[in-house]
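Asker: pasted the sequence and its predicted model underneath.
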Amino acid sequence: MGSLKNEEEIELMGEEWTKEAILYVNGVRKVLPDGLAHLTLIEYLRDIGLTGTKLGCGEGGCGACTVMVSHYDKKSKKCVHYAVNACLAPLYSVEGMHVITVEGVGNRKHGLHPIQESFARAHGSQCGFCTPGFIMSMYALLRSSQTAPTEEQIEECLAGNLCRCTGYRPIVDAFRVFSKTNDAVYTNMSSLSLKEGEFVCPSTGKPCSCRPEIGSNVHPCKEGVACGRSYEPVSYSEIDGSTYTKKELIFPPDLLLRKLNPLKLSGFGGLKWYRPLELQHLLELKLKYPDAKLLVGNTEVGIEMRLKRMQYQVLISVTHVPELNVLSVKDDGLEIGAAVRLTELLKTFRKLVNERPADETSSCKTFIEQLKWFAGTQIKNVASVGGNICTASPISDLNPLWMASRAKFQIIDSKGNIRMALAEDFFLGYRKVNMASDEILLSIFLPWTRRFEFVKEFKQAHRREDDIAIVNAGMRVYLEEKGSRIDCFGCVNRLWWGCSSIYLCIEDKRIYHRQELDAGAVAKCFENLTSRYCDQRRCSWWDGGVSEIFNS
Ligand SMILES: NC(=O)c1ccc[n+]([C@@H]2O[C@H](COP(=O)([O-])OP(=O)(O)OC[C@H]3O[C@@H](n4cnc5c(N)ncnc54)[C@H](O)[C@@H]3O)[C@@H](O)[C@H]2O)c1
């Protein structure tokens, strides 16, 4: 092994690595010293006295640690704002960014922010532990929305925040005042949908039987006695921030002008942390440190290091490597860089589904559906497509879909040689993939679906949102003249991961011929498949036959 000096010299070839790291927290510039690579963002925030951000589960599941991160996106020339779990974000991952915590949103001394005020008035807070996280999720949604969000978007942004006191109703009520509510949905309701004695309540906008006394101006709901509601939602104009004296924190101009640098920092126990800005330098690092862990969202590695006590000596954050962030629409499909975040991917799929012929986007639709249940917004904002693929976890919600969609993975080695692997050949077993130690995943190619080809997702978990699958699957139906076939890929109860060996082929030549095809027939076919899994699961599902289905 060469001397430290020689190693340094080799590392410093090519790129000008620097240890200069800065961060803005609630509008205040902080210089991040070297030596903190082992710290998470929440540890740092609480160390500097910002204890409003709470540490709950420590694995990105409860949202108590939610903060908002903003950075300047050179491609779109815009500042982007998003919620993240500070418990998983490595401190240096937010270098050059602006972090806003609940303290930066508002407080009793300088005035509550309208979000906080509405939350308090709706009794959204009880024990208070989860409150900062809810406020920050909502704050990030409002700051990143061009127009008022819909109620669905509000619910979606809260899927990664847990509250064990309120039952969520007061929280949703508190935030509802910021939404674009289509009152016509309620007020134009046909009288047929109202039961006798019911009318549309002017207070709640929903059917109820609390009609005011004739001649009385007082509506019972206004007094908080009818409809079982003690809280009446107030309109946004009532919470106009008149008590909010502090201005909204802006994106620091300093960060707009700042040039990003490749980082080489360190942490406790000799931990090395790199942030290359070019693919070539990433490959060089991988050649030099074959065991280095690549990081994007750290939502898997962070758990491995903290909760499973796994130790890595070299971490390479690949978030800023341009080739890994490609999202390119081609004639025959979509190319997705391995570091593309799931939120970005979701946005792209939604756009494609609107723009392209329906035939081509069956896979895109199924990814949109599955991503709803994948994890909370904070996780999707940072977790990458490649991180999920390379983890090759048997509970992965997306990997069966890549296989069913005939996706191909582009893999590059440290010398720059590129090869392609079919998704269905890539997964070798429990957390094992077909990739050598000097190789990394460069991108994913998702082909458009063909005519008469349909892809569908399936996930069965204990709880609908933000939970680990017991069974999940990706299925493809392709209808051909000579009979049709269904290919199915999936995993069962974390115990088993089959990939190539579970290449399931259930042929149903009886019903599905191209001529007979309609959307209903395909839906029925998927329903049969999924109910088969569910039934099996209910009756001592593993021993009782699921393994048989998967191995047949
Ligand atoms: N914590 C949660 O609540 C939660 C929920 C859903 C999903 N997830 C995780 O989301 C992860 C995806 O995102 P992430 O970006 O946070 O993962 P990550 O940064 O933790 O990296 C995960 C793994 O993928 C490897 N990796 C990443 N990019 C690679 C590349 N281009 N080539 C080769 N290896 C690469 C890493 O070295 C690491 O082993 C999944 O692995 C999944 O476990 C977490």
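Answerer: That came through fine.

Asker: which residues touch the residue of the stretch 201-350 of the chain with the smallest separation from the ligand?
Answerer: Per C-beta to the nearest ligand atom, G297 is where the stretch 201-350 of the chain lies closest to the ligand, at 2.5 Å. Yep, even glycine has a C-beta here, placed from its N, CA and C like the rest. By C-beta atoms under 8 Å, 6 or more residues apart in numbering, G297 lies in contact with 88, 341, 379, 382-384, 387.

Asker: that one belongs to a helix?
Answerer: No: if the criterion is DSSP: H, G, I helix; E, B strand; the rest coil, then G297 is coil and not within a helix.

Asker: the nearest residue to M136 once chain neighbours are set aside pairs with what?
Answerer: Nearest non-adjacent residue to M136, counting by C-beta to C-beta, 6 or more residues apart in numbering: T66, 4.2 Å away. T66 forms beta bridges with N85, as assigned by DSSP bridges.

Asker: list the contacts for T66?
Answerer: 53, 83-86, 132-134, 136-137, 140, 160-161, 378.

Asker: restricted to helices, list these.
Answerer: Taking DSSP state H as the definition of helices, the contacts of T66 contribute 132-134, 136-137, 140, 378.

Asker: among these, name the buried ones.
Answerer: 132-134, 136-137, 140, 378 (16 or more other C-beta atoms under 10 Å).

Asker: near the ligand, which of the contacts of G297 show up?
Answerer: 379, 382-384, 387 (C-beta under 6 Å from any ligand atom).

Asker: so which of those residues is the most crowded?
Answerer: Neighbour tally across those (other C-beta atoms under 10 Å): the maximum, 29 neighbours, falls on S384.

Asker: for the closest residue to that one other than its chain neighbours, grab phi and psi.
Answerer: Residue nearest to S384 in three dimensions, not counting chain neighbours: V296, with 3.6 Å by C-beta to C-beta, 6+ apart. Note on V296: its backbone torsions stand at phi -130, psi -80 [degrees, to the nearest 10].

Asker: how about V296, what does it touch?
Answerer: Going by C-beta under 8 Å, 6+ apart, V296 touches 317-319, 338-339, 341, 382-384, 386-387.

Asker: what mean pLDDT does stretch 405-415 get?
Answerer: Stretch 405-415 shows a mean pLDDT of 96.

Asker: try stretch 137-145
Answerer: Averaging pLDDT along stretch 137-145 gives 96.

Asker: in the stretch 201-350 of the chain, mark out all the strands, start to finish.
Answerer: 207-208, 263-267, 271-275, 293-295, 314-317, 327-329, 333-337 (DSSP state E, counting those that start in this stretch).

Asker: how about the ones you listed in CSV, adding mean pLDDT?
Answerer: Converted to CSV, the strands of the stretch 201-350 of the chain look like this (pLDDT from 0 to 100):
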stretch, mean pLDDT
strand 207-208, 59
strand 263-267, 97
strand 271-275, 98
strand 293-295, 97
strand 314-317, 98
strand 327-329, 97
strand 333-337, 98
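
Asker: let's have those strands in JSON lines, adding mean neighbour count.
Answerer: Output for those, formatted as JSON lines (neighbours: other C-beta atoms under 10 Å):
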{"stretch": "strand 207-208", "mean neighbour count": "18"}
{"stretch": "strand 263-267", "mean neighbour count": "20"}
{"stretch": "strand 271-275", "mean neighbour count": "23"}
{"stretch": "strand 293-295", "mean neighbour count": "22"}
{"stretch": "strand 314-317", "mean neighbour count": "22"}
{"stretch": "strand 327-329", "mean neighbour count": "14"}
{"stretch": "strand 333-337", "mean neighbour count": "22"}
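
Asker: quick check: end-to-end length of stretch 141-153?
Answerer: Distance between the boundary residues of stretch 141-153 (C-alpha to C-alpha, to the nearest Å) amounts to 8 Å.

Asker: for that stretch, buried residues please.
Answerer: 141-145, 149.

Asker: what about the residue nearest to W448 when sequence neighbours are not counted, how many neighbours?
Answerer: Residue nearest to W448 in three dimensions, not counting chain neighbours: E360, with 3.6 Å by C-beta to C-beta, 6+ apart. A count of nearby residues for E360, using other C-beta under 10 Å, gives 20.

Asker: just to revisit the earlier point, among the ones in helices among the contacts of T66, which one sits closest to the ligand?
Answerer: Checking these against the ligand by C-beta to the nearest ligand atom gives Q378 as the nearest, at 8.7 Å.

Asker: who's in contact with the closest one?
Answerer: 60, 63, 66, 83-85, 137, 160.

Asker: for the ligand, see how far away the residue nearest to M136 is.
Answerer: Computed as C-beta to the nearest ligand atom, to the nearest Å, the T66 to the ligand distance reads 13 Å.

Asker: cool, W17 as well?
Answerer: 20 Å.

Asker: name the residues of the stretch 1-150 of the chain found near the ligand, please.
Answerer: Near the ligand, when you scan the stretch 1-150 of the chain using C-beta under 6 Å from any ligand atom, you find 59-61.

Asker: not counting sequence-adjacent ones, nearest residue to the residue of the stretch 51-200 of the chain found nearest the ligand?
Answerer: Evaluated by C-beta to the nearest ligand atom, the stretch 51-200 of the chain has G60 as its residue closest to the ligand, separated by 3.6 Å. Once flanking residues are discounted, G60 sits nearest to N85: 4.4 Å by C-beta to C-beta, 6+ apart.

Asker: quick one: contacts for that neighbour?
Answerer: Contacts of N85 by C-beta under 8 Å, 6+ apart are 60, 63, 65-66, 160, 299, 378-379, 382.

Asker: switch to 7 Å and redo it
Answerer: By C-beta atoms under 7 Å, 6 or more residues apart in numbering, the residues touching N85 are 60, 63, 65-66, 378-379.

Asker: compute the distance between it and V329, please.
Answerer: For N85, the distance to V329 equals 31 Å [C-beta to C-beta, to the nearest Å].

Asker: roughly how far apart are N161 and N85?
Answerer: N161 is 10 Å from N85, by C-beta to C-beta.

Asker: need the residues touching each of those two.
Answerer: Between them, N161 and N85 share the contacting residues 63, 66, judged by C-beta under 7 Å, 6+ apart.

Asker: follow-up on the earlier one: JSON lines for the buried residues of stretch 141-153, including secondary structure?
Answerer: What follows is the buried residues of stretch 141-153, written out as JSON lines (three-state DSSP):
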{"residue": "L141", "secondary structure": "helix"}
{"residue": "L142", "secondary structure": "helix"}
{"residue": "R143", "secondary structure": "helix"}
{"residue": "S144", "secondary structure": "helix"}
{"residue": "S145", "secondary structure": "coil"}
{"residue": "P149", "secondary structure": "coil"}
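
Asker: which residues touch the residue in the stretch 351-500 of the chain positioned nearest to the ligand?
Answerer: Using C-beta to the nearest ligand atom, G387 is the residue of the stretch 351-500 of the chain that sits closest to the ligand, at 2.5 Å. The contact partners of G387, taken as C-beta under 7 Å, 6+ apart, are 296-297, 300.

Asker: return the item of the residues you listed having minimum pLDDT.
Answerer: Within the contacts of G387, pLDDT is lowest for E300, at 95.

Asker: spatially nearest residue to that one, not counting backbone neighbours?
Answerer: In space, E300 comes closest to T391 once its chain neighbours are excluded; the distance is 4.8 Å by C-beta to C-beta, 6+ apart.

Asker: same check, this time on R406
Answerer: P447 (5.6 Å).

Asker: which residues touch the one you found?
Answerer: Contacts here follow C-beta under 7 Å, 6+ apart; on that basis P447 touches 332-333, 406.

Asker: what residues does this protein have near the ligand?
Answerer: Contact residues (C-beta under 6 Å from any ligand atom) of the chain with the ligand: 59-61, 293-301, 303, 324, 338, 374-375, 379, 382-384, 386-388, 390-391, 393, 440-441.
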